[in-house]
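Visitor: I'd like to go over a predicted model; first the sequence, then the structure.
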Amino acid sequence: MSKRNSQQAKTAARERLRAERERQAKRDKARRQAIVAGSIVAVLAIAGGAGYLVMQSLKPSHWEAAKDKALVAPKNTTGKNNTTVVLGQDSAKKTIIAYEDPRCPVCATFEQAVGPTVEKDLKDGKYKLQYVGATFLDNNLPGEGSRNALSALGAALNVSKDAFASYKEVLYSAKYHPEETDDKFKDDSYLIKIADTVSELKNNKTFQKDVKDGTFDRWAIEMSKNFDDNKYDIQGTPSFVVDGKKITGSDGKNAPMTAEEWNTAVDKALKG
């Protein structure tokens with residue numbers, strides 16, 4: 001190879017090397033820019049995500065927000081904020097106030113053991129029953145099933161008093177009432193499933209919509225205040241009051257838990 005050709009080959013090789021270095025430099029620059037851009041996007045995404053989480057944490061919970069909703073009361077109610085619910089014959093002279101929490105296992109036991117007796121007494125006009133729904137177990141356990149079930153009871157009451165009474169009975173039944181710590185009543189679909197066992201509520205689209213929409217959530221909150229602010233020093237459920245005095249079983253402290261104890265205690269209270 002001549003010196004001239006050799007020199008040309010070296011020059012060409014250097015040119016190819018220079019061009020390759022320039023291409024590599026451009027690729028490196030592009031890669032660095034992509035990394036920087038990606039990092040910026042990631043930082044912004046993290047910041048945005050953190051901001052979203054902060055905003056979400058500052059939003060009130062469903063039940064906190066429900067306190068500010070317009071009060072919609074069910075039919076078949078009276079009194080302050082339409083939270084007075086009275087069952088039984090209008091001709092009955094005495095009214096027993098019944099305090100119950102939907103999640104309360106003792107309330108379920110009472111309903112299963114004494115409920116049929118109370119139902120018969122109401123039909124016979126022996127007394128009226130004023131229902132007061134409590135939700136304190138939601139705070140203690142915690143959860144939201146008491147409030148949600150009470151709202152669903154409002155939806156049943158909006159259909160009729162009979163639908164309300166039948167729905168309350170099945171909510172407390174051995175088949176459907178959950179363990180105290182199992183917050184199953186927070187699930188609208190479960191409450192609707194139970195309601196489908198009640199003739200007036202089975203496939204009742206208005207009832208189902210009210211449950212899903214939380215139509216009576218604010219009403220449930222207002223109703224529970226009647227337990228929280230009661231003037232009879234009622235601390236737990238079930239509890240019963242007539243003429244300002246508690247109805248208690250043989251222990252003199254707690255509610256009667258058998259039909260026999262109930263009849264004895266109620267007969268005595270109604271004569272007092």
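Guide: Looks like it came in fine.
Visitor: Any idea what residue 84 is bridged to?
Guide: Assessed by DSSP bridges, residue 84 has beta-bridge partners residue 78.
Visitor: That one is in contact with residue 73, isn't it?
Guide: No - with contact defined as CB atoms under 8 Å, residue 84 does not reach residue 73; the gap is 10.2 Å. From N, CA and C alone the C-beta is placed, and that goes for glycine too.
Visitor: Contacts only, for the nearest residue to residue 94 once chain neighbours are set aside.
Guide: Nearest residue to residue 94, sequence neighbours excluded (CB to CB, 6 or more residues apart in numbering): residue 127, at 4.7 Å. Shown in contact with residue 127 (CB atoms under 8 Å, 6 or more residues apart in numbering): 88, 92-96, 121, 242, 266, 270.
Visitor: What about those residues, which are in helices?
Guide: Counting by DSSP state H, the contacts of residue 127 place 121, 266, 270 in helices.
Visitor: between residue 84 and residue 73, who's got more neighbours?
Guide: residue 73 (20 against 14; other CB atoms under 10 Å).
Visitor: Quick check: residue 153 touching residue 83?
Guide: No - in this structure, residue 153 is not within contact of residue 83 by CB under 8 Å, at 11.9 Å.
Visitor: More neighbours: which of these two?
Guide: Counted by other CB under 10 Å, residue 153 and residue 83 do not tie: residue 153 has more neighbours, with 28 against 23.
Visitor: Which strand or helix spans that one?
Guide: helix 145-159 (DSSP states H and E).
Visitor: If I take the following helix or strand past that helix and helix 145-159, what angle do their directions form?
Guide: With elements assigned by DSSP H and E, the helix or strand that comes after helix 145-159 is helix 161-171. With axes from the mean of the first three to the mean of the last three CA atoms, to 10 degrees defining the directions, helix 161-171 sits at 150 degrees from helix 145-159.
Visitor: and the closest residue to residue 112 other than its chain neighbours, how many neighbours does it have?
Guide: Closest residue to residue 112 apart from its sequence neighbours, by CB to CB, 6+ apart: residue 174 at 6.1 Å. Counted with other CB under 10 Å, the neighbours of residue 174 add up to 9.
Visitor: distance of residue 174 from residue 70?
Guide: Distance of residue 174 to residue 70, computed by CB to CB, to the nearest Å: 38 Å.
Visitor: Which residue ranges of the stretch 101-250 of the chain form helices?
Guide: Assigned by DSSP state H, counting those that start in this stretch, the stretch 101-250 of the chain shows helices spanning 105-124, 136-140, 145-159, 161-171, 188-195, 205-213, 217-228.
Visitor: packing partners for the shortest one?
Guide: For helix 136-140, the elements it packs on are helix 145-159, helix 217-228, judged by 3 or more CB pairs under 8 Å, 6 or more residues apart in numbering; DSSP states H and E.
Visitor: Now tabulate those in CSV and tack on mean pLDDT and distance to residue 62.
Guide: CSV is the format used below for the helices and strands packed on helix 136-140 (pLDDT from 0 to 100; distance: least, CB to CB, whole Å):
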stretch, mean pLDDT, distance to residue 62
helix 145-159, 98, 9
helix 217-228, 98, 8
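Visitor: and of the ones in helices among the contacts of residue 127, the nearest to residue 142?
Guide: Proximity of those to residue 142, judged by CB to CB, is greatest for residue 266, which lies at 34.1 Å.
Visitor: Tally up the residues packed near the closest residue to residue 95 other than its chain neighbours, please.
Guide: Excluding the flanking residues, the one nearest residue 95 by CB to CB, 6+ apart is residue 128, at 4.4 Å. By other CB under 10 Å, 19 other residues sit near residue 128.
Visitor: so where's the stretch 151-272 of the chain uncertain?
Guide: Regions of the stretch 151-272 of the chain meeting the criterion pLDDT under 70 are absent.
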